[in-house]
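[1] Take this sequence and fold it.
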Amino acid sequence: MGRCLIRDIHTLVTMVDGEPDLSGAHLLIEGNRIAKILRAEDRAEADAWAGEAETEIIDGRWCVVYPGFINMHHHLYQTLTRNIPHVQNAKLFDWLIGLYEVWRELSEEAVEVSTQIGCGELLLSGCTTTTDHFYVFPEKASAELLDVEIKAARRIGMRFHPTRGSMSRGRSQGGLPPDDLVQTADAILADCNRVIDAYHDPEPFSMCRIILAPCSPFSVTTELLSETAELARQRQVRCHTHLCETIDEEEFCLQTHGMRPLAYMEKTGWVGEDVWYAHGIYFNDDEIRLLAESQTGISHCPSSNLRLGSGIAPIPKMLDAGVRVGLGVDGSASNDASNIGREMQMALLVHRVGTGVEAMPPRPVLRMATRGGATILGQPEIGQLAPGAAADVAMFRLDKIDYAGAMSDPAHAMLFCGSGPRTELTMVNGRIVVRGGKLVDVDEEALFHRANAIAEKMLTETERKTGQAYR
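    A predicted model of the protein is given here:
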């Protein structure tokens with residue numbers, strides 16, 4: 001990491017409150033931080049920076065530059081199990097029951113390769129920070145699969161917030177997952193402490209922060225939920241889980257615990273500014289007020305929610321109430337892509353039906369994908385471009401047929417036009433990881449073939465053991 005100058009940027013979207021988008025601006029990066037933003041009229045100063053031998057010059061003409069996007073919910077391991085005919089038309093609980101059988105076959109190699117794929121897709125779509133909800137630890141696999149994932153994300157250059165997920169309620173206890181995919185509470189909490197000790201970096205500009213994340217109300221015990229929240233606060237890390245994704249989940253909580261999902265989570269210590277949930281489709285008005293008052297966050301995952309027929313989260317209502325909302329692609333077996341641009345397009349469009357065409361303008365979508373996620377993660381140095389902020393940058397070319405006729409609003413062209421484009425350049429923490437629309441350090445074709453070989457092996461073994469046809 002040295003010095004880099006992105007010159008003559010067609011449109012610079014800083015996402016700094018109160019600041020307009022800039023035309024013809026210049027972005028100076030030193031090390032892992034934004035050093036200076038020069039306006040078009042500051043060309044002489046930009047020329048001076050460009051004249052220094054150690055400065056790399058990047059042409060920003062006909063490009064739009066954003067802060068790197070932030071993905072608030074994913075299951076990277078699922079990139080190996082997407083588009084499987086057996087579950088293409090299944091709702092969440094049936095989808096999970098079917099796929100648990102395949103996920104029993106996860107190995108260290110599968111986790112390494114799936115992480116490269118998911119992170120690679122995200123980087124190619126301009127996402128520079130991702131969380132990941134990893135909760136499947138097969139008995140026959142290494143107990144340290146999260147370590148494999150962390151190291152793979154580090155190699156590819158992603159700013160990473162992995163979550164040490166967990167499942168402790170197997171089928172024999174009334175849960176959904178097979179018993180050989182769940183762990184004891186003691187084993188889970190011990191490993192949570194281990195990964196925090198090994199990988200958690202709480203400092204600003206951190207490239208890795210650990211989060212604790214029981215899978216869901218129907219796959220962990222009440223005791224584990226409470227103990228996990230207590231441990232997270234002792235260790236000063238954040239908490240994440242799924243909540244209010246389906247009516248089935250609501251009925252499970254009412255029948256099993258005698259209360260709605262959010263009341264159950266509140267009882268176990270799972271509300272507050274250090275907590276965020278994925279989905280949040282079935283919150284009522286009182287619950288939305290509680291989320292806002294407690295500053296509990298939500299990751300909106302529109303494509304997955306539509307793919308599984310789960311519903312549409314009341315995001316405009318949440319934003320109006322002051323709920324903190326970020327954007328998530330969710331697992332690649334329920335979205336079948338890890339493209340944050342496509343997710344922004346979906347978030348823009350889905351809320352216009354039923355609630356009114358004015359319900360979701362483009363700017364709040366960009367904010368969810370940048371400042372919204374940064375706020376929930378407690379990492380204010382990301383999600384905006386300003387002097388002193390992290391050098392996390394997503395740059396897209398505008399001079400394509402996809403955007404012909406769309407230059408009256410170049411800042412929002414990628415939300416209304418095209419189909420989740422690849423970046424021209426993605427920079428994370430000052431390091432260029434995508435250049436010219438290609439990953440810098442990854443052979444995409446070789447990764448494709450390696451992934452397919454692993455996926456084929458997993459499916460073949462699943463079909464042999466279950467006697468069911470998955471393809």
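[2] what bridges to the residue nearest the centre of the chain?
    Taking C-alpha atoms, centre = their mean as the criterion, residue 71 is the residue nearest the geometric centre of the chain, at 2.5 Å. For residue 71, the beta-bridge partners are residue 130, residue 327 (DSSP bridges).
[3] so what's it up against?
    By C-beta atoms under 8 Å, 6 or more residues apart in numbering, the residues touching residue 71 are 122, 127, 129-131, 327-329, 338, 340, 373. Where you see a C-beta, it was placed from the backbone N, CA and C, and this is true even at glycine.
[4] Identify, from those residues, the entry nearest to residue 389.
    The nearest member of the contacts of residue 71 to residue 389, counting by C-beta to C-beta, is residue 129 at 12.5 Å.
[5] The closest one touches residue 67, doesn't it?
    No - judged on C-beta atoms under 8 Å, residue 129 makes no contact with residue 67 at a distance of 9.8 Å.
[6] Mind listing the shared neighbours of those two?
    Residues touching both residue 129 and residue 67 (C-beta under 8 Å, 6+ apart) are 382, 392.
[7] which residues in the stretch 51-200 of the chain form helices?
    Taking DSSP state H, counting those that start in this stretch as the criterion, the stretch 51-200 of the chain carries its helices at 92-103, 108-124, 145-156, 185-199.
[8] The second one: which residues count as buried?
    The neighbour-count check on helix 108-124 (16 or more other C-beta atoms under 10 Å) flags 110-124 as buried.
[9] Distance check, the closest residue to residue 200 other than its chain neighbours against residue 91.
    Take residue 200 and drop its neighbours on the chain: the residue closest to it by C-beta to C-beta, 6 or more residues apart in numbering is residue 210, 4.2 Å away. According to C-beta to C-beta, to the nearest Å, residue 210 and residue 91 sit 32 Å apart.
[10] So which of the two has more stuff around it?
    Neighbours were counted for residue 210 and for residue 91 using other C-beta atoms under 10 Å; residue 210 has more, 26 against 14.
[11] In contact with the more buried one, which residues are there?
    Taking C-beta under 8 Å, 6+ apart as the test, what residue 210 contacts is 161-164, 192, 195-196, 199-200, 237.
[12] Would you agree residue 277 is in contact with residue 301?
    No - in this structure, residue 277 is not within contact of residue 301 by C-beta under 8 Å, at 10.5 Å.
[13] Settle it for me: which of these two has more neighbours?
    For residue 277 versus residue 301, the count of surrounding residues by other C-beta under 10 Å is larger for residue 301: 33 against 25.
[14] Number of residues surrounding the residue lying closest to residue 280 once chain neighbours are set aside?
    Leaving out its chain neighbours, the residue that sits closest to residue 280 by C-beta to C-beta, 6+ apart is residue 298, at 4.4 Å. Neighbours of residue 298 under the rule other C-beta under 10 Å: 32.
[15] mind listing what residue 349 touches?
    Contacts of residue 349 by C-beta under 8 Å, 6+ apart are residue 360.
[16] Check the gap between it and residue 367 for me.
    Separation of residue 349 from residue 367 (C-beta to C-beta): 17 Å.
[17] got a pLDDT number for the closest residue to residue 381 other than its chain neighbours?
    Spatial nearest neighbour of residue 381, excluding adjacent residues (C-beta to C-beta, 6+ apart): residue 390 at 4.7 Å. Here the pLDDT value assigned to residue 390 is 98.
[18] what's the distance between residue 113 and residue 148?
    For residue 113 relative to residue 148 (C-beta to C-beta), the value is 10 Å.
[19] what ranges of the stretch 151-300 of the chain fall below the confidence cut-off?
    The stretch 151-300 of the chain contains no residues with pLDDT under 70.
[20] Could you say which helix or strand holds residue 434?
    Element membership of residue 434 [criterion: DSSP states H and E] is strand 431-435.
[21] related to what we said a few turns ago, now for the contacts of residue 71, which pair is the farthest apart?
    Spanning the widest gap among the contacts of residue 71 are 338 and 373, at 15.1 Å by C-beta to C-beta.
[22] quick one, which of the two is more surrounded?
    residue 373 (31 against 28).
[23] and that one, that one's in a strand?
    No - under the criterion used here (DSSP: H, G, I helix; E, B strand; the rest coil), residue 373 is helix, not part of a strand.
[24] Now do the same contact list for it.
    So residue 373 contacts 69-72, 129, 326-327, 383 (C-beta under 8 Å, 6+ apart).
[25] Could you rerun that using 6 Å?
    With contacts defined as C-beta atoms under 6 Å, 6 or more residues apart in numbering, residue 373 is in contact with 70, 72, 326.
[26] Now do the longest helix anywhere in the chain and helix 108-124, the angle between them.
    The single longest helix within the chain, with elements called by DSSP state H, is helix 444-466. On the basis of axes from the mean of the first three to the mean of the last three C-alpha atoms, to 10 degrees, helix 444-466 is oriented at 130 degrees to helix 108-124.
[27] I'd like the mean pLDDT over helix 444-466, please.
    Average pLDDT, helix 444-466: 97.
[28] Quick one: list the elements packing against it.
    helix 92-103, helix 108-124 (3 or more C-beta pairs under 6 Å, 6 or more residues apart in numbering; DSSP states H and E).
[29] Tabulate those in JSON lines, adding columns for mean pLDDT and distance to residue 226.
    Below are those laid out as JSON lines (pLDDT from 0 to 100; distance: least, C-beta to C-beta, whole Å):
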{"stretch": "helix 92-103", "mean pLDDT": "94", "distance to residue 226": "24"}
{"stretch": "helix 108-124", "mean pLDDT": "98", "distance to residue 226": "29"}
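[30] right, and those helices - which one's nearest residue 173?
    helix 92-103 (14.8 Å).
[31] Not counting that closest one itself, show me its contacts.
    81, 86-87, 136, 176-178, 246, 248, 308, 310, 458, 462, 466.
[32] and if you look at stretch 283-300?
    By C-beta under 6 Å, 6+ apart, the list of residues contacting stretch 283-300 from outside reads 72-73, 244, 262, 271-273, 275-278, 280, 313, 315, 318, 321-328, 376.
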